[in-house]
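Undergrad: got a sequence here, can you build the structure:
(one chain, ligands or ions: 1)
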Amino acid sequence: MERSIPRSDPAKLAALAKRAPGGRPIGALTAYDYPTARLLDEGGVDVILVGDSLGMMVLGHDDTTEVTVEMMLHHTLACRRGVSAALLLSDLPYRSYETPNEALKNARLLCGAGADAIKLEGGTEMVAQVEALVADGIAVVGHIGMLPQHVREEGGYKKKGKTGADAERLLADARALETAGAGALVLESMVAQVAADITAAVAIPTIGIGAGRETDGQILVIHDLLGAFPWFRPSFATPRADIAAETRRAVGEYLQAL
Ligand code: KIV
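TA: Numbering: from 1, shown residues only. Predicted coordinates:
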């Protein structure tokens with residue numbers, strides 16, 4: 001019998017707390033399919049992100065810019081079936097939120113597919129979009145620092161916050177998103193001190209990736225945790241399994257045994 005599908009719950013984001021002194025950081029991982037999402041949920045992960053990193057990790061594209069709303073709906077629905085305790089977060093993909101109305105239309109679709117909250121990339125330029133979603137009762141996570149959806153315009157993945165002006169801009173972005181109603185922020189690939197300063201400056205939780213240890217939580221792409229994408233391994237990720245080697249071993253053993 002099919003399991004009943006847990007409902008989307010926007011209140012889950014508001015329940016996500018900043019790290020208490022000495023407390024455990026928020027633990028977040030990506031998932032793109034039912035079994036992975038269910039295993040992460042059963043393992044006690046706080047936030048499961050159906051990330052648009054789907055484009056590279058699952059679909060074999062060079063970056064996230066090929067990902068569409070339809071793809072995100074497909075994978076959000078699959079993950080929703082496996083997640084009952086964690087916050088299920090879904091990415092608005094590239095060019096799906098250029099105006100507040102477009103953001104609203106697509107975020108409603110993702111929530112309809114089961115997302116508890118929506119993540120979008122960008123700082124002060126996204127304030128109107130965040131306000132529109134929040135006014136509609138949609139829980140929003142901001143994403144600042146290195147923005148993967150802008151990799152082509154920027155000519156590569158570049159660490160942020162290296163100059164005083166850039167650090168100031170990131171802090172202003174974080175404050176603007178918080179004021180607009182975002183319930184948490186992903187801080188990606190930025191100087192650790194800048195991430196620490198942002199974390200101290202905002203009342204909402206920050207979740208870092210390649211941004212040092214002084215954030216309220218950490219997020220990783222699941223393949224980087226499991227050693228399941230051997231063709232690229234980010235320097236900040238510590239793999240805690242070697243699924244690629246284990247897959248190759250099992251395939252070899254299977255072929256030998258035929
Ligand atoms: O899509 C994704 O996996 C992400 C994380 C890198 C935060 O946005």
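
Undergrad: give the contact list for G181.
TA: Applying Cβ atoms under 8 Å, 6 or more residues apart in numbering, we find G181 in contact with 130-131, 133-135, 140. The way it works is simple: take the backbone N, C-alpha and C, and place the C-beta from them, glycine included.

Undergrad: check which residues of the host helix or strand of E253 are buried.
TA: Under the criterion of DSSP states H and E, E253 resides in helix 243-257. Neighbour counts using 16 or more other Cβ atoms under 10 Å place 243-244 of helix 243-257 among the buried residues.

Undergrad: from the chain's centre, how far out does it sit?
TA: Mean C-alpha position of helix 243-257 versus that of the full chain (Cα atoms, centre = their mean, to the nearest Å) differs by 31 Å.

Undergrad: wait, what's in contact with the closest residue to P100 other than its chain neighbours?
TA: Once flanking residues are discounted, P100 sits nearest to A132: 3.7 Å by Cβ to Cβ, 6 or more residues apart in numbering. Applying Cβ under 8 Å, 6+ apart, we find A132 in contact with 100-101, 103-104.

Undergrad: who wins for most neighbours among those?
TA: Neighbour counts for these were taken using other Cβ atoms under 10 Å; the highest belongs to A103, with 25 neighbours.

Undergrad: distance of that one from G122?
TA: Taking Cβ to Cβ, to the nearest Å as the measure, A103 falls 11 Å from G122.

Undergrad: with R175 instead?
TA: 14 Å.

Undergrad: neighbour-wise, which of those two wins?
TA: When neighbours are counted by other Cβ under 10 Å, G122 comes out ahead of the other of R175 and G122, with 18 against 15.

Undergrad: wouldn't that one be in contact with L147 here?
TA: Yes. Using Cβ atoms under 8 Å, G122 is in contact with L147, at 6.7 Å.

Undergrad: need the contact partners of stretch 228-238.
TA: 57, 209-210, 220-225, 227, 239, 241, 243-245, 247.

Undergrad: return the set of buried residues in it.
TA: For stretch 228-238, burial by neighbour count (16+ other Cβ under 10 Å) applies to 228-229, 237.

Undergrad: now those residues as JSON lines including distance to A113?
TA: Converted to JSON lines, those look like this (distance: Cβ to Cβ, whole Å):
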{"residue": "A228", "distance to A113": "25"}
{"residue": "F229", "distance to A113": "25"}
{"residue": "A237", "distance to A113": "28"}
